Each structure stands twice: as structure tokens, then as C-alpha cells.
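Trainee: here is my input; please provide its structure:
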Amino acid sequence: MMTASIAEFRQQARTWLEANVPTEPPPEDGPASRDFVLGWQKKQAEGGWAGVAWPKELGGRGLSVLEQIVWFEEYARAGAPTPLNASFVGLNHAGPTLMACGTEAQKAYYLPKILNGEHIWCQGFSEPGAGSDLASLKTRGEVQGDTVVINGQKTWSSFADIGDVQELLIRTDPTAKISQALSWVICPMDTPGITVRPIRTMAGVLKYCEVFYDDVRIPLSNVVGGLNNGWATAMSTLSFERGTAALALLIGVTLKVEKLLADCPKDRPQMLARLAKLRAEGASIRAMNYRFALDSEQSVPDASGSMIRVAFAEFSQRVSAAAIDLYGLDAPETVGAHGWAHDYLDAFSETIAGGTAEIQRNIIAERVLGLPKGPR
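Mentor: Take a look at the predicted model:
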């Protein structure tokens with residue numbers, strides 16, 4: 001039941017968004033996209049709409065998850081810039097992880113810069129030989145006094161070419177078992193010894209990067225969650241990514257399904273049935289995500305977030321494929337950097353990012369359903 005205060009909050013959000021959402025589409029990539037993302041985040045902060053559910057003492061508004069959900073709904077309704085941009089890692093990975101595992105000094109310095117549009121974060125987890133099998137990563141960090149010296153390589157690091165800070169997972173104890181071998185560290189991207197090579201995706205944009213580390217020295221105080229405790233810290237990061245992080249994206253995709261239904265001619269009954277099925281599927285995933293977000297309000301999300309992650313990933317792929325079939329390859333809705341063709345090609349990464357669909361199903365089987373572990 002919608003209370004009067006929630007209804008008032010919704011109207012306030014709608015009014016602000018109608019007056020402030022950028023009218024021009026965001027740049028595809030590069031420095032221009034960085035300026036756009038930081039400018040939009042700064043405008044939200046100035047308007048009091050950054051970090052709706054973040055604690056007040058950490059720069060947010062300290063409101064409930066329900067109000068955060070309402071903000072996401074109105075954000076999508078207003079056609080605001082996609083949440084899957086260069087601010088995504090900071091707002092949905094690094095920020096929540098720092099809140100859950102960081103020191104007071106780390107939270108005080110980094111969290112306001114995320115909310116206020118001063119820092120872009122990127123992720124340094126996957127490697128050429130360690131993607132879904134994250135435990136096998138080889139990028140190493142050697143503790144020398146009060147410094148960690150890092151050598152190795154990461155790949156698929158979204159927005160590393162325009163990022164200020166990286167959430168970096170490294171091996172700090174080569175002899176220990178996995179749960180005691182890794183460390184999660186804050187790595188400033190302007191540190192000497194870092195080389196970034198952007199990767200152009202098949203969707204045509206420079207979204208991912210390779211990152212190389214040659215004797216990169218960062219302070220030991222940049223370790224988050226404790227030295228050699230990075231596996232547990234990383235699981236917190238991935239729990240946020242697999243659960244609540246996709247909520248704003250999901251709402252946006254379900255609204256796109258409504259647009260597809262409105263555009264579908266009545267003389268295409270099979271397409272209408274296909275889109276109606278997608279509407280029902282989106283509604284069920286959306287309800288599951290709302291329940292998960294509300295249940296996780298006071299804690300780190302649990303492994304059941306993998307159900308949402310894999311459901312949303314495959315749902316978004318089916319929606320973009322249906323759009324291509326509805327409009328055709330040469331339709332105005334399909335072509336261009338912000339058309340459905342881009343979304344269709346980009347969506348292939350959804351069942352890879354954050355752990356492949358196969359990994360997500362293993363997590364669901366073992367940690368949610370309690371089934372026997374498969375062979376390692």
C-alpha cells in the first residue's frame with residue numbers, strides 16, 4: 001500500500017527529473033562520456049537525489065529502500081541516462097562494499113566523491129585466465145613495509161580508460177588457500193606503473209579495457225576488509241552486483257517492453273504474444289528484485305541475488321532480440337549508437353559479466369538450494 005509520504009516523494013522525484021534530465025543523448029565513450037557522467041551525477045547530488053538510501057553520515061539522504069525503488073521507477077520513466085554508465089561501479093560496487101567493509105577513513109574520503117560526481121571507479125577482478133574462476137587470479141601484491149607492490153594484468157575492466165579509482169583484487173599470499181590468499185584494494189588509476197588499453201566491443205564502443213600493473217605501489221592503508229581477506233570482501237561486492245545493482249536497469253527494460261507492445265501492429269499476433277510473455281516475465285523478475293532489495297535493506301545481499309542476476313541477463317537479451325525482430329534491421333529505432341542494434345549486441349555480455357550464467361546457476365544450486373557441490 002502506497003503511503004502519503006511515499007506518494008509525495010514520488011511526485012517530488014518526478015518533478016525534479018522532468019526539469020533536469022538531459023535532453024541530449026550521452027556520448028558513446030571516452031573523455032566526453034566521462035564529463036557527461038560526472039556532470040549528471042553532480043547535478044543529482046546538488047538536487048539532493050544522489051544516494052537516496054545511503055546513510056546521511058556518508059553523504060546520502062538516509063531514506064528507505066522503498067524510496068530508492070520509487071526513485072529508480074521515476075528515473076526510468078523520465079528517460080534519464082542509462083544507469084549502466086561510468087558511474088555504475090562506484091555507486092553499485094565500490095560504494096556499498098566500502099560501506100560494508102571499509103575503514104572510517106576510507107568511507108569518509110571516497111564515498112562523498114562517488115556521490116558528488118568527483119570520482120569514476122572501475123573494476124579490476126577478471127584476468128585473461130581468471131574470469132568466472134576468480135579464485136585462480138594471478139595478479140600479485142607483495143607487501144613491502146607500509147606499501148603493496150602490484151604486478152600483473154586485468155581485463156574486461158569497464159571504464160578503466162576514464163576511471164580515477166579501481167576496486168582491485170590481488171593475490172597477497174601465494175601459499176595460502178583461496179579464502180586467505182587474496183586482498184581487495186583501492187588502486188588510484190594515476191599511480192605510476194599502470195597501463196590501460198581500451199577494448200572496442202562488437203557494439204562499437206570502447207567500454208572495456210585491459211589494465212597492466214608494473215611495480216605499482218599503493219599504501220597498505222588502501223586494503224579494504226583486511227589483508228588476505230579479499231575473497232570475503234569480493235563476495236560482498238559481487239553480492240551487490242548480482243542483486244540490487246541491476247534494479248534500475250531492470251525497471252528501464254520493463255518499460256521498454258511496454259513501448260514495444262504499443263508499437264507492435266495488431267496483425268502480428270505471434271509477436272504480440274511474444275511481447276506479452278516478456279511483459280509477464282519482466283513483472284515477475286521485477287517483483288523478485290523488489291522483495292530481494294527490501295529483504296537486504298539492513299545487510300549484505302545473500303547468494304539468492306544470483307537468481308536475479310541470471311534472470312535479468314537472459315531477459316534483457318530476449319527483449320533486445322524481440323525489438324530487432326519487431327522493427328527490422330534498418331528501422332530508425334534500430335540503427336545508431338543508442339538504437340536497439342547496439343542494445344542487442346551489448347546484451348551478449350550480460351550472461352558473462354559478474355559471473356557467467358553457468359556460474360550463477362552453480363551458486364543457486366549450491367548456496368540457495370543446498371544441492372551437492374559439483375566437481376572442481
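
Trainee: make it CA atoms for all contacts and neighbour counts henceforth
Mentor: Noted.

Trainee: for the stretch 151-300 of the chain, just list every one of the helices.
Mentor: Here the stretch 151-300 of the chain has its helices, by DSSP state H, counting those that start in this stretch, at 230-242, 247-263, 269-295.

Trainee: could I get those as a markdown table with mean neighbour count and distance to Leu66?
Mentor: Formatted as a markdown table, the helices of the stretch 151-300 of the chain follow (neighbours: other Cα atoms under 10 Å; distance: least, Cα to Cα, whole Å):
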| stretch | mean neighbour count | distance to Leu66 |
| --- | --- | --- |
| helix 230-242 | 23 | 17 |
| helix 247-263 | 19 | 12 |
| helix 269-295 | 16 | 7 |
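
Trainee: what's the least confident stretch among those?
Mentor: Within these, confidence is poorest for helix 230-242, with a mean of 73 (mean pLDDT).

Trainee: follow-up on the earlier one: now the helices of the stretch 151-300 of the chain in JSON lines, with distance to Trp340?
Mentor: Output for the helices of the stretch 151-300 of the chain, formatted as JSON lines (distance: least, Cα to Cα, whole Å):
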{"stretch": "helix 230-242", "distance to Trp340": "24"}
{"stretch": "helix 247-263", "distance to Trp340": "11"}
{"stretch": "helix 269-295", "distance to Trp340": "15"}
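
Trainee: of all these, which one is nearest Val52?
Mentor: Ranking those by proximity to Val52 (Cα to Cα) places helix 247-263 first, at 13.0 Å.

Trainee: tell me what that closest one is packed against?
Mentor: helix 65-77, helix 269-295, helix 305-327 (3 or more Cα pairs under 8 Å, 6 or more residues apart in numbering; DSSP states H and E).

Trainee: kindly calculate the angle that that helix makes with helix 305-327.
Mentor: Orientation of helix 247-263 against helix 305-327 (axes from the mean of the first three to the mean of the last three Cα atoms, to 10 degrees) gives an angle of 30 degrees.

Trainee: would you pull up how far helix 247-263 lies from the middle of the chain?
Mentor: Mean-position distance between helix 247-263 and its chain equals 19 Å (Cα atoms, centre = their mean, to the nearest Å).

Trainee: how about stretch 184-198?
Mentor: Using Cα atoms, centre = their mean, the offset of stretch 184-198 from its chain centre is 20 Å.

Trainee: flag every buried residue along that stretch.
Mentor: Neighbour counts over stretch 184-198 (16 or more other Cα atoms under 10 Å) mark 184-189, 194-196, 198 as buried.

Trainee: using PDB, write out every CA atom in it.
Mentor: Extracted C-alpha coordinates of stretch 184-198, given in PDB (Å, rounded to 0.1, in the frame of the first residue of the first chain):
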ATOM      1  CA  TRP A 184      40.700  -6.200  -2.100                       C
ATOM      2  CA  VAL A 185      42.500  -2.900  -2.500                       C
ATOM      3  CA  ILE A 186      41.700   0.700  -3.600                       C
ATOM      4  CA  CYS A 187      44.000   1.500  -6.600                       C
ATOM      5  CA  PRO A 188      44.200   5.100  -7.800                       C
ATOM      6  CA  MET A 189      44.400   4.900 -11.600                       C
ATOM      7  CA  ASP A 190      47.100   7.600 -11.900                       C
ATOM      8  CA  THR A 191      49.600   5.600  -9.900                       C
ATOM      9  CA  PRO A 192      52.900   5.100 -11.800                       C
ATOM     10  CA  GLY A 193      53.200   1.700 -13.500                       C
ATOM     11  CA  ILE A 194      49.600   1.400 -14.700                       C
ATOM     12  CA  THR A 195      49.000   1.000 -18.500                       C
ATOM     13  CA  VAL A 196      45.400   0.900 -19.800                       C
ATOM     14  CA  ARG A 197      44.400  -0.400 -23.200                       C
ATOM     15  CA  PRO A 198      40.700   0.100 -24.200                       C
END
